[in-house]
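J.: just coords:
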């Protein structure tokens with residue numbers, strides 16, 4: 001019997017236990033996972049829970065999986081834009097279009113595959129074999145800065161900073177429409193969209209979510225903006241700004257399906273990232289240049 005361990009990240013909480021597990025496996029049915037839960041082969045933080053249990057950030061899920069083996073991601077020689085690296089952490093500038101870790105439909109070509117090759121397998125093990133080193137994520141079509149942990153100790157220290165929201169994260173984006181206010185804060189809870197569980201939405205019983213927005217430059221029909229995360233809910237910036245009727249240009253999920261420009265996803269870039277170094281406690285902050293697609297769009301506007 002194979003043992004599986006899953007550490008629930010901040011952007012994964014808020015769903016049923018059986019749904020969370022079904023998202024981890026491409027070829028295991030939800031009904032079979034419910035059967036395993038009922039048989040007591042799944043525990044959450046050492047306790048038996050029902051399939052309807054709502055997973056929370058930092059939950060440790062242990063699973064005994066009968067007669068099955070899941071291959072670990074293969075190291076792949078994929079070029080990385082490394083901003084900083086030492087024996088504890090690595091900060092990379094992720095390109096738009098790259099998935100952070102293997103998931104159903106994306107088993108290769110991910111950031112994890114590239115990190116495994118570059119770091120020669122020396123990554124934290126807390127998130128299991130499919131997500132080594134991954135402390136936080138940004139969406140596939142969001143570009144920008146992300147930190148990964150090389151050791152379990154570094155992972156735990158960084159995860160603690162994310163939990164208390166002390167990580168500094170600033171994004172830039174282009175929104176549809178002319179935003180009137182020069183700066184404003186959106187403090188609205190976010191949870192799963194009740195009519196579409198694959199999307200997030202502003203919901204009354206959601207998790208606290210706070211985003212600070214600032215206008216950088218206005219164009220005809222569009223606004224270049226900066227967003228600073230105070231919390232880090234799934235799709236937070238995209239949901240909040242869409243709720244304000246100014247969806248991010250190129251976002252097919254929370255904005256118009258059709259885009260007047262040739263974009264492959266939302267114009268959202270993780271511009272800066274700051275955290276306390278997990279080994280020496282020194283504050284470190286990194287910035288990245290806007291990617292070519294973003295800079296070219298600004299010139300066109």
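T.: Alright, I've got the coordinates. These numbers come from a predicted model, not from an experiment.
J.: Which residues are in contact with the residue nearest to residue 108 when sequence neighbours are not counted?
T.: With CB to CB, 6 or more residues apart in numbering as the measure, residue 76 is the residue that lies nearest to residue 108, at 6.5 Å, once sequence neighbours are left out. C-betas here are computed from N, CA, C, even on glycine. If you count contacts by CB atoms under 8 Å, 6 or more residues apart in numbering, residue 76 has them with 108, 109, 113, 114, 116, 117.
J.: Go again with 7 Å.
T.: Contacts for residue 76 (CB atoms under 7 Å, 6 or more residues apart in numbering) come out as 108, 109, 113, 114, 117.
J.: mind listing what's buried in stretch 210-224?
T.: Neighbour-count burial for stretch 210-224, counted by 16 or more other CB atoms under 10 Å, picks out 210, 211, 213, 214, 215, 218, 222, 223, 224.
J.: what residues does that stretch touch?
T.: Here stretch 210-224 makes contact (CB under 7 Å, 6+ apart) with 174-179, 182-187, 225-231, 236-237, 240-241, 246, 249, 298, 301.
J.: Quick one: distance of it to the chain centre.
T.: The gap between the average C-alpha position of stretch 210-224 and the chain average comes to 23 Å, counting by CA atoms, centre = their mean, to the nearest Å.
J.: and it, average pLDDT?
T.: When pLDDT is averaged along stretch 210-224, the result is 97.
J.: ok so, going back, on the three-state scheme, the residue nearest to residue 108 is what?
T.: coil (DSSP: H, G, I helix; E, B strand; the rest coil).
J.: cool, and residue 286?
T.: Following three-state DSSP, residue 286 is assigned to strand.
J.: Quick one: end-to-end length of stretch 140-154, please.
T.: End-to-end distance for stretch 140-154, by CA to CA, to the nearest Å: 24 Å.
J.: mind listing which of the contacts of residue 76 are in strands?
T.: Counting by DSSP state E, the contacts of residue 76 place none of their members in strands.
J.: Filter those down to the buried ones, ChimeraX style.
T.: Selection of the buried residues among these in ChimeraX, burial being defined by 16+ other CB under 10 Å:
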select :113,114
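J.: Redo the contacts of residue 76 as TSV? Include pLDDT and distance to residue 146.
T.: Written out in TSV, the entries for the contacts of residue 76 read as follows (pLDDT from 0 to 100; distance: CB to CB, whole Å):
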residue	pLDDT	distance to residue 146
108	91	19
109	95	16
113	96	14
114	97	12
117	97	17
